[in-house]
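Give me a 3D structure for the following:
(one chain, ligands or ions: 3)
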Amino acid sequence: MAFLIDGKQISQQVIEDTAAEVAEFQITYGIKPGLAVVLVGEDPASQVYVRNKVKRAEEVGLNSIEHRLAATCSQQALNKLVDELNTDPMVHGILVQLPLPAHLNEAEIISAISPEKDVDGFHPLNVGALACGEASLVPCTPLGCIIMLKTVYEDLSGKNAVVIGRSNIVGKPMAALLLQENCTVTMVHSRTKNIEAVCSQADIVVAAIGRPEFVSAGWIKPGATVIDVGINAIERDGRRRLVGDVDFTSVEPIAAAITPVPGGVGPMTIACLMKNTLTAARSQVLARELEREAG
Ligand SMILES: NC(=O)C1=CN([C@@H]2O[C@H](COP(=O)(O)OP(=O)(O)OC[C@H]3O[C@@H](n4cnc5c(N)ncnc54)[C@H](OP(=O)(O)O)[C@@H]3O)[C@@H](O)[C@H]2O)C=CC1
Ligand SMILES: Nc1nc(=O)c2c([nH]1)NC[C@@H]1CN(c3ccc(C(=O)N[C@@H](CCC(=O)O)C(=O)O)cc3)C=[N+]21
Ligand SMILES: [Mg+2]
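Numbering: from 1, shown residues only. Ligands and ions are numbered 1, 2, ... in the order given. This next block holds a predicted model:
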């Protein structure tokens, strides 16, 4: 029986700490940090995300604004909205839900977001900062995973960590953060040979694949820690449910610690987004004060 890493509980602490700091921010500056979320079309994982985000933002005391665009919207329309949000002084954080519909250019939109407002940490400037170990806006999901791992291990140094998946939004930044924590990091993906054998050497497995219950017991070393990033909507026994990328039922008995889905990485991602929005708001307000003083 593995120890269950309770994302709900751990995220609650991050939320409460952030709420207290947001209250202080509001007293000091007379405004609430503002978060704008842009959802194009109807990706199911994004829908879950948006729903929970709106709830949490309210709890933390952020001003949260939602923009929904049709799946058919043009690149120009999306660019224009991002430009408006970039210059809106009430908006401190901008998040464009990914994936975008196939006709839109994701890289172009991400680069169009002002790096100071990029609360996802996906802008090339922030990606570069993370690679240099100097990031201030760290991608929310990998950051949430690190916070959870630190509840299991006092020190991650020297652990063998395997990250399954190499997306820009999860796998790559996850590997960068684990490396920063002095793990020995291996990344595996759809072209990896003997993926099961590689994973079964790991002290820590982070699964971010997008395939329901893909990682089974044979992949996991007894006593390993398993972080399940996957959010997959499936139908079972005639009911719609969320499952991860890990086959929880077979893996749980052999792992030392594991995150559930739901109630694991998802709530941590949202909590870290709230934290990043506050961080972004603080640095924007300070930058504006400095500008005013200068001239
Ligand atoms: N909990 C949370 O907060 C979040 C959850 N998610 C969820 O995490 C999952 C992953 O998301 P994301 O990173 O965006 O997904 P992507 O689809 O962008 O990337 C998936 C990665 O998994 C790899 N992969 C796919 N199939 C296999 C396979 N059979 N064997 C090995 N590797 C494989 C791909 O390899 P290749 O590159 O070779 O194609 C790719 O690198 C999804 O379920 C998503 O909904 C995402 C963000 C946040
Ligand atoms: N630009 C961008 N940044 C993202 O971080 C991003 C994205 N696009 N697109 C979609 C994925 C997915 N994602 C989720 C985050 C939280 C939950 C979440 O709250 N999960 C709850 C679900 C609870 C429920 O409502 O059932 C849980 O796991 O407990 C889900 C999914 C962020 N993503
Ligand atoms: Mg993708």
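
For V226, list the residues it contacts.
A2, I204, V205, A207, V215, I220, V246, V251, A255, A257, I258, T259 (Cβ atoms under 8 Å, 6 or more residues apart in numbering). Heads up, the C-betas are built off the backbone N, CA and C, glycines and all.

Quick check, the second one in contact with L149.
So the one you mean is I204. Yes - between I204 and L149 there is a contact under Cβ atoms under 8 Å: 6.6 Å.

so what sits against both of those two?
Listed as contacting both I204 and L149 by Cβ under 8 Å, 6+ apart are L156, T225, I227.

for these, which one is nearest V60?
Each of the shared contacts of I204 and L149 was checked against V60 using Cβ to Cβ; the closest is I227, at 24.0 Å.

Need the phi and psi values for the closest one.
phi -110, psi 120 (degrees, to the nearest 10).

Could you check how many residues crowd around it?
Look at I227: counted by other Cβ atoms under 10 Å, it has 29 neighbours.

Ignoring the adjacent residues along the chain, who's closest to it?
Of all residues not flanking I227 in the chain, V206 sits nearest, at 4.5 Å (Cβ to Cβ, 6 or more residues apart in numbering).

Helix or strand: which one has whichever residue of the stretch 1-150 of the chain sits closest to ligand 1?
Closest approach between the stretch 1-150 of the chain and ligand 1, counting by Cβ to the nearest ligand atom: A45, at 3.7 Å. Using DSSP states H and E, A45 falls within helix 44-60.

That helix - contacts with which helices or strands?
helix 7-29, strand 34-40, strand 63-69, strand 232-236, helix 265-294 (3 or more Cβ pairs under 8 Å, 6 or more residues apart in numbering; DSSP states H and E).

Out of the ones you listed, which gets nearest to A107?
strand 34-40 (15.0 Å).

what packs against that closest one?
Counting by 3+ Cβ pairs under 8 Å, 6+ apart, strand 34-40 packs on helix 44-60, strand 63-69, helix 75-87, strand 93-96, helix 265-294.

winner for burial among these?
strand 93-96 (a mean of 27; mean count of other Cβ atoms under 10 Å).

Considering helices and strands only, name the one in the chain with the lowest mean pLDDT.
When the helices and strands of the chain are compared on mean pLDDT, DSSP states H and E, helix 44-60 comes out lowest with a mean of 86.

Grab the CA positions of that helix and hand them over as CSV.
Extracted C-alpha coordinates of helix 44-60, given in CSV (Å, rounded to 0.1, in the frame of the first residue of the first chain):
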residue,chain,number,x,y,z
PRO,A,44,-12.1,18.6,-22.4
ALA,A,45,-9.0,18.8,-20.1
SER,A,46,-9.1,22.6,-20.5
GLN,A,47,-12.8,22.7,-19.6
VAL,A,48,-12.0,21.0,-16.3
TYR,A,49,-9.1,23.4,-15.7
VAL,A,50,-11.1,26.5,-16.4
ARG,A,51,-14.0,25.4,-14.2
ASN,A,52,-11.7,24.8,-11.2
LYS,A,53,-9.6,27.9,-11.8
VAL,A,54,-12.5,30.3,-11.6
LYS,A,55,-13.6,28.8,-8.3
ARG,A,56,-10.1,29.0,-6.8
ALA,A,57,-9.4,32.5,-8.1
GLU,A,58,-12.4,33.8,-6.2
GLU,A,59,-11.2,32.0,-3.0
VAL,A,60,-7.8,33.6,-3.3
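
Those residues of the stretch 1-150 of the chain touching ligand 2, which are they?
For the stretch 1-150 of the chain, the residues in contact with ligand 2 (Cβ under 6 Å from any ligand atom) are A45, S46, V48, Y49, N52, L95, V96, Q97, L98, D120, C140, T141.

Show me which of these is closest to K8.
Nearest to K8, judged by Cβ to Cβ, of those is N52 at 11.1 Å.

picking that back up, let's have the shared contacts of I204 and L149 in CSV, adding pLDDT and distance to E196.
Putting the shared contacts of I204 and L149 into CSV (pLDDT from 0 to 100; distance: Cβ to Cβ, whole Å) gives the following:
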residue, pLDDT, distance to E196
L156, 98, 23
T225, 98, 18
I227, 99, 18
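
Name the nearest of the contacts of V226 relative to ligand 1.
Closest to ligand 1, out of all of these and judged by Cβ to the nearest ligand atom, is A207, at 8.1 Å.

ok, for that closest one, nearest residue in space, not its chain neighbours?
In space, and not counting its chain neighbours, A207 is closest to D245: 4.1 Å by Cβ to Cβ, 6+ apart.
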